[in-house]
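S.K.: Return atomic coordinates for the entry below.
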Amino acid sequence: MIQAFFLSLSTLTLLPVSPKGWKDSDLRNSAAFYPLVGAILGGLLALTARIHLARELKSPLLLLAWVVLTAAFHLDGLGDCCDGFFGGKTPEERRRIMKDPAVGSYGVTGIVLALLLKYGLLARLVAGEDGWKWLVLVPLAARWAATLACTLFKSPPGDRGLGSQVVGLPAPWFAASTLLSLALAVALLKLQGLEAFLLTGLVALGLGFLSQSKIKGLTGDVLGAIIELGEAACLFFAALAIHNGFLQL
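M.R.: The predicted model follows:
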C-alpha cells in the first residue's frame, strides 16, 4: 500500500519519491491514491493562498504553484488529447499524434484556454470566505474523477503506456478511495462537496467515452485531460457557489 501511494505521488507531482522494487499491481493500485495526492496538493495551494497579497497577485501565484507542483503533466495530456482527437482521422493516427512530443495548434489552444479559465476562476475563488476549502476540494475531486475513469474504462489494444498500467483498478480499492474522498468532501463543504464530485464524475465519463470513440480506450494523456477539465469545471462550480449560491441542490 505504501508503494502504491508513493507511486501515485511521483506520477501526479514533480516530487521524486518513486519507490524501489515496486510491482505492476502497485502501479495499478496507485490510482486509488490519486484523490489523496489531490488533497495534499490542495492543502499546499490553500497554504499559498494565505500569503498576504492583493487578489490580482494571488491568483497568478496560485496558478503558477498549481502548474509547478504538477510539473504541467496534466496540461501536457490535455494538449496531446486536443491534437490527437481533433487532428487525426483514425484511432491509430490519433494515438500516433498524441505520442508525438511536439505540440500542435489544437494542443496550444487547449492549454492556453485552460490556463486562462483557471486564472479567471481563481480570481473569483480567492475572494470568497470558503475559498481555501475549494482549493483543497478541487484537486481532490478532479483526481477522484481520474480514479473513476481508471476503474471503468480499458486501455487501447496494444497500448503499453502509463495509462494502460493504471487502468483496471480493483473495485474494493475504488470503493475505499471513494468513501474516504467523499467523507473529506462532505467535511469540507457538505452538500456542495458531493455536487462537485458529481460534476467531475460527469467529466470523467464524458471524456472516457469520447476517448473510447476516438482512440479505442483510455491513456495517460486522457487521464491528464480528465484532471485538467475536471479542475476547470469544479472551479467554475465553486465560483458560482461562492458568489451566487447557484447550482445548490
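
S.K.: low pLDDT regions in this protein?
M.R.: 243-249 (pLDDT under 70).

S.K.: Please enumerate the helices of the chain.
M.R.: 2-12, 24-29, 34-49, 55-69, 73-87, 91-99, 105-125, 131-152, 162-166, 171-189, 191-215, 220-244 (DSSP state H).

S.K.: Deepest-packed of those helices, please.
M.R.: helix 131-152 (a mean of 27; mean count of other Cβ atoms under 10 Å). C-beta coordinates here come from the backbone N, C-alpha and C atoms, glycine included.

S.K.: What is that one packed up against?
M.R.: On a contact count with 3 or more Cβ pairs under 8 Å, 6 or more residues apart in numbering; DSSP states H and E, helix 131-152 meets helix 34-49, helix 105-125, helix 171-189, helix 191-215, helix 220-244.

S.K.: again, 6 Å this time
M.R.: helix 34-49, helix 171-189, helix 191-215, helix 220-244 (3 or more Cβ pairs under 6 Å, 6 or more residues apart in numbering; DSSP states H and E).

S.K.: Mind putting the ones you listed into JSON lines with distance to G110?
M.R.: Compiled in JSON lines, these are given as follows (distance: least, Cβ to Cβ, whole Å):
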{"stretch": "helix 34-49", "distance to G110": "21"}
{"stretch": "helix 171-189", "distance to G110": "27"}
{"stretch": "helix 191-215", "distance to G110": "12"}
{"stretch": "helix 220-244", "distance to G110": "8"}
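
S.K.: Is it possible to get CSV of the helices of the chain that adds distance to S18?
M.R.: Shown next, in CSV, are the helices of the chain (distance: least, Cβ to Cβ, whole Å):
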stretch, distance to S18
helix 2-12, 4
helix 24-29, 10
helix 34-49, 13
helix 55-69, 16
helix 73-87, 14
helix 91-99, 22
helix 105-125, 26
helix 131-152, 18
helix 162-166, 12
helix 171-189, 20
helix 191-215, 25
helix 220-244, 15
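
S.K.: circling back to that earlier point, and the helices and strands packed on helix 131-152: which comes nearest D80?
M.R.: Taking Cβ to Cβ, helix 220-244 is the member of these nearest to D80, at 4.2 Å.

S.K.: quick check: angle from the closest one to helix 2-12?
M.R.: Direction vectors for helix 220-244 and helix 2-12, defined by axes from the mean of the first three to the mean of the last three Cα atoms, to 10 degrees, enclose an angle of 80 degrees.

S.K.: Residues contacting stretch 228-244, please?
M.R.: Stretch 228-244 has contacts (Cβ atoms under 6 Å, 6 or more residues apart in numbering) with 74, 78, 114, 117, 121, 124-125, 128, 134, 138, 141-142, 145, 192, 196, 199-200, 203, 246-247.
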